[in-house]
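Novice: What shape does this take:
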Amino acid sequence: MPIRILPVKVAAKIAAGEVVERPASVVKELLENSIDAGAAEIKIEVREGGKRLIRVADNGCGIPADEVELAFARHATSKISGVDDLACIRTLGFRGEALASIAAVTQVTVLTQTADEAVGTLIRVADSCVTHREGRGAPAGTVVTAENLFATMPARRKFLRTDATERRHIDALVTRYAMAYPERRFILTHNGRLTFQTIGSGRLHDVLVKVYGLDVARQMIEVSLSPAGQDGSAAVEVAVQGYIGTPSLHRASRDQITFFVNGRWVQDRMLTQALLQAYHTLLPVGRSPVAVIKIELDPGLVDVNVHPAKSEVKFHDPNAVFRAVQRAVRRTLVDQSPIPQVSSWASPSQREEWERRQALVGAGAEGTRSATQLAMAVQRTAPVADVKGESLPAFELPRHLPPLRVLGQVAQMYVIAEGPEGLYLLDQHAAHERVLYEQMLAQRAAAQVVSQTLLEPLTLELPPELAAVMEAHQSLLAELGFLVEPFGGHTFLVRAVPVILVQERGGDVDLRHALSNVLEEAMAGQQPLEREKEERIIASVCKQAAVKAGQTLSHEEMRELVRQLEATTMPRTCPHGRPTMIHLSRAQLEHEFGRR
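Specialist: Residues are numbered from 1 along each chain as shown. Model (predicted):
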């Protein structure tokens, strides 16, 4: 075929395919235009998952009458004017492709009016052509209606998912922008039914309550790192704010990790890795945290023009952003993570049943306190916003453990201790793991890991896959106290081991089994970063050396374990993310014994 220029309409539909992938893409572009227009209230109406109708109405600045048709021309925008502006973009939109792309694949109606105009403008566009225009009265702002998505492109329309699936994508998008801009009101309706609404209070926590529910929002703690710097060093160029879940709040996937860069929802592996490293040793293996993080920095230090959907960015100094996120989240977790509490109610239905029974029996003034109020009173969490938008009282979260008095041991697994706020049950194995882990990390940082030379070398024969792991990690294992030499084939001689393996438990550790387990966990790391690899191996060593469930401890040993745990920097979880203790508060005890 000869080379020729495609017709304008064909080119427009091809270009629109990069911008409009599904109904949520249309909602995204229209939402960003409303935000850039300074709207304080944005209403989104969706029918049939967005396939039938998408309407976004705002009270922003509106479009002047003489510019309405121009707004549908490709690459027409009011956000930038020259090449230099691309280096410092301060708006969500800037390419001038949104309305043109939407008009190429839907039937669009726009009703808009600026504050200084007496009459608004209504315009209809179909297949990239203006079909109707008239003057019409309207409040200041813009209403954009997109109907029959991909009606003229059946090949694209058949690839759309079910209405429920497309609705979920729209819900995720709207809730993210509501979290990014808590000072604006967002109202979302599906098929005429209100499904999501924010109050525009300006408090992110209020939006989290609407998005995740009160129970989850109560388990989230505030993160804040200002650009002024907090450690006496040079000024930090990156501001980090938001909310993160406590280590007890985690999910099986990473879809509840949300990042905003200068108000733009982005998906960035580097930022996700920084967050996960901050939670290192605090979460169970294979679990991910819940987090909403806002990053603010000079627009000139971030490039947003790297992805058709503008969902990815590039940083001028990614290491500085990485460090800022990791430091802010880690510091918050160390300072504010509460001790997990024993819950008296397994589900909301049980809680409601308890309240109903209390009402039926006509409990006294003290006994009528609802289960919800009681749970809120005994929880030590960050400030929570109620349904009316009022902040509930904040509780101080101790950075370290309260003073504990050891009472005894249960089932040769848990140490019972008494504190100012009730009873504490310590998992002796997890607690000892944390103690040994921080001791070994400190020795490693000072290059003073103590080894114990064995009287007779230990012969260790490994399967081929573990032998390969041993060879790959031999130098690192040597730095951690293991002196291992090849002995032909898949056999190795172990001449020295970390001293904690032979001293902490009176030398009753099966060294062959312990070293094999260390190698298996190293193999399961799937080529992590060097620091993660080192810490994973240290955690595995400590797991083998720590006291096990079923081991009887003397009163003095239990007191010493509690004392050493109190001295650690992260006493609430073991290196693998399991809790070291749970708390049964005095209020819960009083409730169980009928005193409340």
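
Novice: CA only for contacts and neighbour counts going forward, please
Specialist: Will do.

Novice: okay, now residue 139: neighbour count?
Specialist: Neighbour count for residue 139, taken as other C-alpha atoms under 10 Å: 18.

Novice: Name all residues that make contact with it.
Specialist: Contacts of residue 139 were listed using C-alpha atoms under 8 Å, 6 or more residues apart in numbering, and they are 59, 113, 120.

Novice: Next, find the distance separating residue 458 from residue 500.
Specialist: Residue 458 sits 17 Å away from residue 500, going by C-alpha to C-alpha, to the nearest Å.

Novice: what about the two, which has more around it?
Specialist: residue 500 (24 against 15).

Novice: So for that one, what's the pLDDT?
Specialist: pLDDT recorded at residue 500 is 71.

Novice: Residue 74 too?
Specialist: As predicted, residue 74 sits at a pLDDT of 82.

Novice: Tell me where the stretch 1-150 of the chain has strands.
Specialist: 41-47, 53-58, 107-113, 120-126, 129-136, 141-147 (DSSP state E, counting those that start in this stretch).

Novice: Which neighbouring elements make contact with the second one?
Specialist: Packing contacts for strand 53-58, counted by 3 or more C-alpha pairs under 8 Å, 6 or more residues apart in numbering; DSSP states H and E, involve helix 23-36, strand 41-47, strand 141-147.

Novice: Point out the most buried one among the ones you listed.
Specialist: Among the helices and strands packed on strand 53-58, the stretch with the highest mean neighbour count (mean count of other C-alpha atoms under 10 Å) is strand 141-147, at a mean of 24.

Novice: Who does that one pair with, and is each partner parallel or antiparallel?
Specialist: strand 53-58 (antiparallel), strand 107-113 (antiparallel) (DSSP bridges).

Novice: and it, what's its mean pLDDT?
Specialist: Per-residue scores along strand 141-147 average to 96.

Novice: Equivalent analysis for stretch 197-209, please.
Specialist: For stretch 197-209, mean pLDDT is 94.

Novice: For it, buried residues please.
Specialist: Buried residues in stretch 197-209, counting neighbours by 16 or more other C-alpha atoms under 10 Å, are found at 197, 198, 199, 200, 201, 203, 204, 205, 206, 207, 208, 209.

Novice: Among those residues, which lie within helices?
Specialist: 204, 205, 206, 207, 208, 209 (DSSP state H).

Novice: coming back round to it: would TSV of the strands paired with strand 141-147 with mean neighbour count and distance to residue 290 be doable?
Specialist: Below are those laid out as TSV (neighbours: other C-alpha atoms under 10 Å; distance: least, C-alpha to C-alpha, whole Å):
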stretch	mean neighbour count	distance to residue 290
strand 53-58	24	29
strand 107-113	25	38
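
Novice: Between the ones in helices among the buried residues of stretch 197-209, which sits nearest residue 131?
Specialist: residue 207 (40.4 Å; C-alpha to C-alpha).

Novice: so what's the closest one up against?
Specialist: Counting by C-alpha under 8 Å, 6+ apart, residue 207 has contacts 178, 179, 182, 198.

Novice: Now do the contacts for the third one.
Specialist: Translated: residue 182. 198, 200, 201, 202, 203, 204, 206, 207.

Novice: Find the nearest non-adjacent residue to it, please.
Specialist: Once flanking residues are discounted, residue 182 sits nearest to residue 202: 4.6 Å by C-alpha to C-alpha, 6 or more residues apart in numbering.

Novice: Let me know the distance separating the one you found from residue 208.
Specialist: On the measure of C-alpha to C-alpha, residue 202 and residue 208 end up 12 Å apart.

Novice: next one: residue 477
Specialist: Here the criterion is C-alpha to C-alpha. By it, residue 477 lies 45 Å from residue 208.

Novice: Number of residues surrounding residue 59?
Specialist: Residues near residue 59, counting by other C-alpha under 10 Å: 23.

Novice: got a list of what the residue nearest to it when sequence neighbours are not counted touches?
Specialist: In this structure, residue 59 finds its nearest non-sequential neighbour in residue 141, 4.1 Å apart by C-alpha to C-alpha, 6+ apart. Counting by C-alpha under 8 Å, 6+ apart, residue 141 touches 39, 57, 58, 59, 60, 61, 62, 63, 112, 113, 114, 115.

Novice: with the residues you listed in mind, which one is nearest to residue 268?
Specialist: Distances from residue 268 to the contacts of residue 141, taken by C-alpha to C-alpha, are shortest for residue 39, at 27.7 Å.

Novice: and the residue nearest to residue 59, bridged to which residues?
Specialist: Beta-bridge pairing for residue 141 (DSSP bridges): residue 113.

Novice: for the one 5 residues further on, same thing?
Specialist: For residue 146, the beta-bridge partners under DSSP bridges are residue 54, residue 108.

Novice: Regarding residue 577, which helix or strand does it belong to?
Specialist: Using DSSP states H and E, residue 577 is not contained in any helix or strand.

Novice: which residues sit in contact with it?
Specialist: Counting by C-alpha under 8 Å, 6+ apart, residue 577 has contacts 247, 280, 281, 282, 283, 284, 285.

Novice: which secondary element of the protein has the worst mean pLDDT?
Specialist: Least confident element among the helices and strands of the chain, by mean pLDDT, DSSP states H and E: helix 371-378 (a mean of 35).

Novice: can you pull the buried residues of the next helix or strand after it?
Specialist: Beyond helix 371-378 in the direction of the C-terminus, DSSP H and E gives the next helix or strand as strand 405-410. In terms of neighbour count (16+ other C-alpha under 10 Å), strand 405-410 has its buried residues at 405, 406, 408, 409.

Novice: distance of the closest residue to the last one other than its chain neighbours from residue 8?
Specialist: By that I understand residue 409. In space, residue 409 comes closest to residue 415 once its chain neighbours are excluded; the distance is 4.5 Å by C-alpha to C-alpha, 6+ apart. Distance from residue 415 to residue 8, counting by C-alpha to C-alpha: 76 Å.

Novice: can you check residue 205 too?
Specialist: 47 Å.

Novice: Could you do residue 179 as well?
Specialist: Separation of residue 179 from residue 8 (C-alpha to C-alpha): 39 Å.

Novice: So for those two, which residue has more residues nearby?
Specialist: A direct count of neighbours by other C-alpha under 10 Å for residue 179 and residue 8 places residue 179 higher, at 28 against 10.

Novice: Need the three-state assignment for that one.
Specialist: Assigned by DSSP: H, G, I helix; E, B strand; the rest coil, the conformation of residue 179 is helix.

Novice: For residue 423, the count of nearby residues, please.
Specialist: Neighbour number of residue 423 under other C-alpha under 10 Å is 19.

Novice: residues contacting residue 323?
Specialist: Counted by C-alpha under 8 Å, 6+ apart, residue 323 has contacts residue 274.

Novice: pLDDT at residue 285, what is it?
Specialist: 74.

Novice: ugh, typo on my part, it should be residue 309
Specialist: The model reports residue 309 with a pLDDT of 67.

Novice: what do you get for the one 3 residues further on?
Specialist: Note for residue 312: predicted pLDDT of 84.

Novice: residues contacting it?
Specialist: Residue 312 touches 266, 267, 268, 304, 306, counting by C-alpha under 8 Å, 6+ apart.

Novice: Wait, the third one touches residue 315, no?
Specialist: No: the pair residue 268 and residue 315 fails to qualify as a contact (C-alpha atoms under 8 Å) at a distance of 10.6 Å.

Novice: Closest to residue 332 out of the contacts of residue 577?
Specialist: residue 247 (11.4 Å).

Novice: Tell me the spacing between that closest one and residue 441.
Specialist: From residue 247 to residue 441 the distance is 21 Å (C-alpha to C-alpha).

Novice: More neighbours: which of the two?
Specialist: residue 247 (26 against 18).

Novice: Domain map for this protein?
Specialist: Domains of the chain are assigned by automatic domain parsing as 8-197, 204-336.

Novice: Of those, which is nearest residue 424?
Specialist: Of all the domains of the chain, domain 204-336 comes closest under C-alpha to C-alpha, at 16.4 Å.
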